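> Here is a sequence together with a model predicted from it:
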Amino acid sequence: MTHAPVWNPQRPSAMPSFRYRPAHERVPLPLTERTWPHRRIEHAPLWVPVDLRDGNQALAEPMDPARKRRMFDLFLAMGFKEIEVGYPSASQTDFDFVRHLAEEDLVPDDVTVVVFTAARADLIRRTYESVAGLRRVVVHMYTATAPTWRRVVLGRERDELRELILAAGRDVARGADAMPEGSVRFEFSPEVFNLTEPDYVLEVCDAMSELWDACPDRPVIHNLPATVEIATPNVYADQIEYMDRNLARRDGVILSVHPHNDRGTGVACAELALLAGAQRVEGCLFGNGERTGNVDLVTLALNLHAQGIDPMIDLSDIDGVRRTVEHCNRIRVHERHPYGGDLVYTAFSGTHQDAIGKGLAHHARRAAELGVPVERAPWDVPYLPIDPADVGRDYEAVIRVNSQSGKGGVAYVLQTTHGLDLPRRLRIEFSGAVQRATDRD
């Protein structure tokens, strides 16, 4: 029986919640004194879209070559400089697409492609066959390390799995010998990092750093996935800060995160991970991916933009980006999706409409006082965290009239669409007529 206060009438449900263990019982929490709560995000991380691999694997109908190419071209246009392009040892389509990029010389000199492989010698060889001729490559090797995966999936004890990972890491290093010097870097993902004992994942990552000779001129990427979200975002931040503090050769390591969204907190996990020392974020546009998806890079980037931080990728035509993603994934972006949904800058409520209308008028006056165009003036408009024009939206749909709308919304629509500035008493009378008409509809 719960011990609820008298003002809370909720009672126990019929759900078998007792079957599940809390996060602190499943993995030790490594920090007692953390510093991430006192930090601020001051610049964008290195963004790495994984739509062509992780997001593609999650589609009921994976992308065909034309859709893959369209998505890749979108990434280039948006300014991504590191792009995971596939899992070439897992499917012929992925292998052929990587070869297409190489043979048609489609990768700009300042862009690095990432290819994904399991820790198996034959798959690693196949991966290197796919990237022959590419100038800048990250070979990304993964192995699950969490206790349940070790016991149930892999059948390995800690030491046995560590040796398997190191043997595969040596295969990855040997494969680079046949590539032009300096063209290949290495990435390791201890899959299900967030459910792995902190001391074990640190031991394995440090061993990989030594094996691959991590150094500032040729850094190794350690990518730490929240493969299945199981805890509040502060727990993930503690796990990332533990690694940031304790990794050997830290100046030769790029600390990367790959949050999923099983608890609906993937964005928060990524942001807190950045506070905790992460430098690189893998995710998908609009959050596609297995189950509830990978972390949404659009939301993360525009969250930075809304804090006055340049996201370092171009989302000035968010509807164009969305159309491409919807075409390639064959999945619609929800109308309420942050920043990109059709209705996220739209107000129907009368009180909200009144505040927005007054805010936009104040913004225009403030821009005139400062002698700058409205699109360059500081933004401070109620209910709109960013200027919709920043992402290519106009103001026509910001205020829309329905039965919930008031005189302010009706007045705004009349003024902006018909040039009519009604007196206050007439606004009240006319808005009543509009409400009666919408209620009948």
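Okay, I see it. Numbers count the residues shown, from 1 in each chain.

> What sits closest to Tyr87 if chain neighbours are left out?
Phe116 (4.5 Å; Cβ to Cβ, 6 or more residues apart in numbering). For glycine as for every other residue, the C-beta is placed from the backbone atoms N, C-alpha and C.

> Dig out what that neighbour forms beta bridges with.
His140 (DSSP bridges).

> Can you report how many residues lie near it?
Neighbourhood size, Phe116 [other Cβ atoms under 10 Å]: 26.

> so how far is Asp54 from it?
Look at Phe116 and Asp54: by Cβ to Cβ, to the nearest Å, they are 8 Å apart.

> shared neighbours, those two?
Both Phe116 and Asp54 are in contact with Glu84, where contact means Cβ atoms under 8 Å, 6 or more residues apart in numbering.

> What is the host helix or strand of Leu123 packed up against?
With secondary structure defined by DSSP states H and E, Leu123 is part of helix 121-131. Packing contacts for helix 121-131, counted by 3 or more Cβ pairs under 8 Å, 6 or more residues apart in numbering; DSSP states H and E, involve helix 92-103, strand 112-118, strand 137-144, helix 158-176.

> Flag every buried residue along it.
Buried residues in helix 121-131, defined by neighbour count with 16 or more other Cβ atoms under 10 Å: Leu123, Ile124, Arg126, Thr127, Tyr128, Ser130, Val131.

> Show the pLDDT at the closest residue to the fifth one other than its chain neighbours.
This means Tyr128. Counting by Cβ to Cβ, 6+ apart, Gly175 is the residue found nearest to Tyr128 once chain neighbours are left out, at 4.1 Å. With respect to pLDDT, Gly175 scores 98.

> I figured Gly175 hits Leu123, correct?
No - assessed by Cβ atoms under 8 Å, Gly175 is found out of contact with Leu123, at 10.9 Å.

> before we move on, the earlier item: what number of residues lie near the residue nearest to Tyr128?
20.

> List the contacts of it.
Ile124, Arg125, Thr127, Tyr128, Val139, Val184.

> Report the separation between the fifth one and Phe72.
In this structure, Val139 and Phe72 are 19 Å apart, going by Cβ to Cβ.

> what about Pro180, neighbour count?
12.

> hang on, the earlier thing: starting at the chain centroid, how far to the helix holding Leu123?
28 Å (Cα atoms, centre = their mean, to the nearest Å).

> For it, what does the pLDDT average out to?
98.

> Among the buried residues of helix 121-131, which pair sits farthest apart?
Leu123 and Val131 (13.2 Å; Cβ to Cβ).

> hey, what's in contact with both of these two?
What both Leu123 and Val131 touch, as defined by Cβ under 8 Å, 6+ apart, is an empty set.

> now do the same end-to-end measure for stretch 9-26.
End-to-end distance of stretch 9-26 (Cα to Cα, to the nearest Å): 32 Å.

> how far out from the middle of the chain is that stretch?
29 Å.

> Equivalent analysis for stretch 257-274, please.
8 Å.

> Run through the strands of the chain in chain order.
Taking DSSP state E as the criterion, the chain carries its strands at 46-49, 82-86, 112-118, 137-144, 184-191, 220-226, 253-259, 280-283.

> Compare those and report which one is nearest to Ser316.
Nearest of the strands of the chain to Ser316, taken as Cβ to Cβ: strand 46-49 at 15.9 Å.

> and that closest one, what other elements does it pack with?
strand 82-86, strand 253-259, strand 280-283, helix 297-305.

> In JSON lines, list the ones you listed along with mean pLDDT.
Putting these into JSON lines (pLDDT from 0 to 100) gives the following:
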{"stretch": "strand 82-86", "mean pLDDT": "98"}
{"stretch": "strand 253-259", "mean pLDDT": "98"}
{"stretch": "strand 280-283", "mean pLDDT": "98"}
{"stretch": "helix 297-305", "mean pLDDT": "98"}
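
> Save these as CSV, and put in distance to Val27 too.
Supplementary listing: the helices and strands packed on strand 46-49 in CSV, determined by distance: least, Cβ to Cβ, whole Å:
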stretch, distance to Val27
strand 82-86, 26
strand 253-259, 16
strand 280-283, 21
helix 297-305, 25
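
> Thanks again, I'm all set now.
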